[in-house]
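>>> Prediction below, plus the sequence it came from.
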Amino acid sequence: MLVVGSIVIRVADLHAQLAFWTAALDYVAREPIDVDFALLRSRSGAGPNVSLDAHPSERVLPPRIHLDLYAEDQRAEVARLEALGAEVVPWDKQPDDADYVIMQDPEGNRFCVIDAAGWDGFVRHRVARA
């Protein structure tokens, strides 16, 4: 049986992205941190690890894969992430009733913040194509 162990994000500035993602997800880095790689894990042990891999990579839009981050208070989380350096990505095809906000980290890696308030655990949002 396979289990998702880590989601790897390519980054240019490992230390800046380490600061962003640990604060964004409330994850901690496994020590020691390599020159070009860091593994982040949840403080609570829930969910997959996120690894940061400092190697050049061409940015593709729309991205072939992205993170969906579930939020009980979507508005507060979007504001918190913006304060950490993330940006909301406008998309003219986003439906008015969308339960997601498309964002990007300080290096342009895209992710969505999903309004999960009141969910029963199943994904109900439409796939973002921005």
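All right, it came through fine.
>>> how near is the closest residue to His66 other than its chain neighbours to Tyr27?
Excluding its sequence neighbours, the residue lying closest to His66 (CB to CB, 6 or more residues apart in numbering) is Arg110, at 4.8 Å. Glycine gets a C-beta too; all of them are placed from N, C-alpha and C. Between Arg110 and Tyr27 the computed distance is 19 Å (CB to CB, to the nearest Å).
>>> beta partners for the residue nearest to Leu67 when sequence neighbours are not counted?
Nearest non-adjacent residue to Leu67, counting by CB to CB, 6+ apart: Phe111, 4.1 Å away. Phe111 has these beta-bridge partners by DSSP bridges: Leu67, Met103.
>>> Would you agree Phe111 is in contact with Pro63?
No: at 9.0 Å, Phe111 and Pro63 do not qualify as touching, with contact defined as CB atoms under 8 Å.
>>> mind giving me the domain split of the protein?
1-56, 66-120 (automatic domain parsing).
>>> circling back to that earlier point, and the residue nearest to Leu67, what does it touch?
Residues in contact with Phe111 (CB atoms under 8 Å, 6 or more residues apart in numbering) are 66-69, 102-105.
>>> what's the spacing between the helix or strand encompassing Ala23 and its chain's center?
Taking DSSP states H and E as the criterion, Ala23 maps to helix 14-25. Remark: helix 14-25 is offset 10 Å from the chain centroid, using CA atoms, centre = their mean, to the nearest Å.
>>> So Pro106 sits against Gly85, correct?
Yes: assessed by CB under 8 Å, Pro106 is found in contact with Gly85 at 4.2 Å.
>>> list residues touching both of these two?
Phe20.
>>> Would you double-check that Leu40 falls in a helix?
No: according to DSSP: H, G, I helix; E, B strand; the rest coil, Leu40 belongs to no helix; its state is strand.
>>> Alright, that wraps it up for me.
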